[in-house]
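Undergrad: Quick one: sequence plus predicted model below, questions after.
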Amino acid sequence: MAATTSGAIKARLESLAFGVPVFRDGPREGQAPPFVVVTEALATTMDTANGDFGDPDAELTIVEKVAVDLIETARTKATAGTARAVERYGLAESIAHALHGHTLPAHPAKVTAVRVTDIDRFPIADNRVRTSITVQIHRVLLRTEVTPA
C-alpha cells in the first residue's frame with residue numbers, strides 16, 4: 001500500500017507498463033525524458049456533499065487536486081539539418097484514461113472517485129514538451145492528516 005496520494009498514482013501508472021518512470025514531486029538528478037512527475041495536494045477542499053460536520057466522529061470526504069506532468073523530448077536530430085518528432089502522441093491521453101474512474105486501491109484512504117478535469121500541453125522549451133493532467137481525487141480525510149502525533 002502506498003503512503004500518499006502521489007504514491008498511489010505512481011503505483012497505478014507503473015503497473016500499466018507505459019515504459020515511463022514515475023516520480024513524486026520531481027525526477028532524480030539527470031533523469032532523461034520521458035518521465036512523469038506527480039505533485040499532490042495542489043488544492044484540497046471539503047466535499048460538502050458528504051459528511052456530518054456536527055459529528056466529530058463523522059467520516060469527512062475531501063477533494064484533492066493533483067497534477068500529473070508528462071515530460072518528453074520534442075525532437076531529435078534525424079539527418080544533417082533535419083529533425084524528427086520523438087514525442088509519443090497520445091501517451092498523455094492514455095495516462096489520463098488510466099486514471100479517470102480508477103479508485104486507486106493502493107491509497108491509504110478510501111477513494112470514492114478519480115476525475116481527470118484537464119489535459120494541458122505546454123509549448124516546447126529546451127526541446128521538451130510538458131503535458132499536465134489535472135486530477136481530482138475524492139477521498140476520505142484520514143485522522144492522521146489532521147491530528148498531531
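TA: Received, thanks. Not measured: the values here are computed from a predicted model.
Undergrad: max-length strand in this structure?
TA: strand 111-125 (DSSP state E).
Undergrad: helices or strands up against the helix or strand hosting residue 63?
TA: In this structure, residue 63 sits in strand 61-73 according to DSSP states H and E. With contacts taken as 3 or more C-beta pairs under 8 Å, 6 or more residues apart in numbering; DSSP states H and E, strand 61-73 sits against helix 5-15, strand 35-46, helix 91-99, strand 128-140. C-beta: built from backbone N, CA, C; applies to glycine.
Undergrad: chain center to whatever helix or strand comes next after it: distance?
TA: Later in the chain than strand 61-73, the nearest helix or strand by DSSP H and E is strand 75-79. Put simply, strand 75-79 sits 30 Å off its chain's centre (C-alpha atoms, centre = their mean, to the nearest Å).
Undergrad: ok, the next helix or strand after strand 75-79: who's next to it in the sheet?
TA: Going down the chain from strand 75-79, the next helix or strand is strand 82-85, by DSSP H and E. Strand pairing for strand 82-85, determined by DSSP bridges: strand 75-79 (antiparallel).
Undergrad: how close does the closest residue to residue 122 other than its chain neighbours sit to residue 34?
TA: The spatial neighbour of residue 122 that comes closest, neighbours along the chain excluded (C-beta to C-beta, 6 or more residues apart in numbering), is residue 130 at 4.6 Å. Applying C-beta to C-beta, to the nearest Å, the value for residue 130 to residue 34 is 11 Å.
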